[in-house]
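> Predicted coordinates and the sequence they were generated for:
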Amino acid sequence: MSIYEEVEFEDLDYDPVTQIYTYPCPCGDKFSISLEALWDGEDIATCPSCTLRIEIIYDEEDLPPLREEDDDEDGSDNEGEKDEGQKNNKGEDEEKKEDDTVDHNIANIMQKTLTVK
């Protein structure tokens, strides 16, 4: 597949909560790529509403560090149980955000499809 545009890393918008970079797409939606994907060496951001793709130009040293899921390991039993519960909730929250994003993207596609027809 071809690349619509090459975009400098500094031109992307970053959401530190979701750790997702976005860039406006001509279709009205946004290209997106996760910080984790960038750290994994991926450099192609996709638009969920159309077939366009962009190439992100970046150096790994420009990337912020990834958030660690298990930052606190002090060895105490009560804290460990509490932390484990928080980790499970955090995972559920992230899964819900992903589901919400997918639902939003599907709604956008449906709306655009209905508008075109």
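Happy to help now that I have it.
> alpha carbons only for contacts and neighbour counts from here, please
OK.
> Name the SS class of Phe31, please.
Secondary structure for Phe31, judged by DSSP: H, G, I helix; E, B strand; the rest coil, is strand.
> same thing with Glu6?
Per three-state DSSP, the secondary structure class of Glu6 is strand.
> Quick check: the gap between it and Pro16.
Distance of Glu6 to Pro16, given as Cα to Cα, to the nearest Å: 23 Å.
> Same question for Ile44.
When Cα to Cα is the yardstick, Ile44 and Pro16 sit 19 Å from each other.
> Then Asp29?
Counting by Cα to Cα - Asp29 and Pro16 are separated by 20 Å.
> try Glu60
As judged by Cα to Cα, Glu60 and Pro16 stand 17 Å apart.
> List the contacts of Ile33.
Residues in contact with Ile33 (Cα atoms under 8 Å, 6 or more residues apart in numbering) are Ile20, Tyr21, Thr22, Ile44, Ala45, Thr46.
> Most neighbours out of the residues you listed, which is it?
Per-residue neighbour counts (other Cα atoms under 10 Å) across these peak at Ala45, which has 23 neighbours.
> what sits against that one?
When contacts are counted by Cα under 8 Å, 6+ apart, Ala45 touches Phe31, Ser32, Ile33, Arg53, Ile54, Glu55, Ile56.
> Pick out whichever of Asp29 and Pro16 has more residues nearby.
Between Asp29 and Pro16, Asp29 has the larger neighbour count (other Cα under 10 Å), namely 17 against 12.
> and the nearest residue to that one once chain neighbours are set aside, how many neighbours?
Counting by Cα to Cα, 6 or more residues apart in numbering, Asp29 lies nearest to Ser49, which is 6.5 Å off, once chain neighbours are set aside. Per other Cα under 10 Å, the neighbour tally for Ser49 reads 19.
> and if you look at Leu63?
Residues near Leu63, counting by other Cα under 10 Å: 13.
> Sweet, I'm off.
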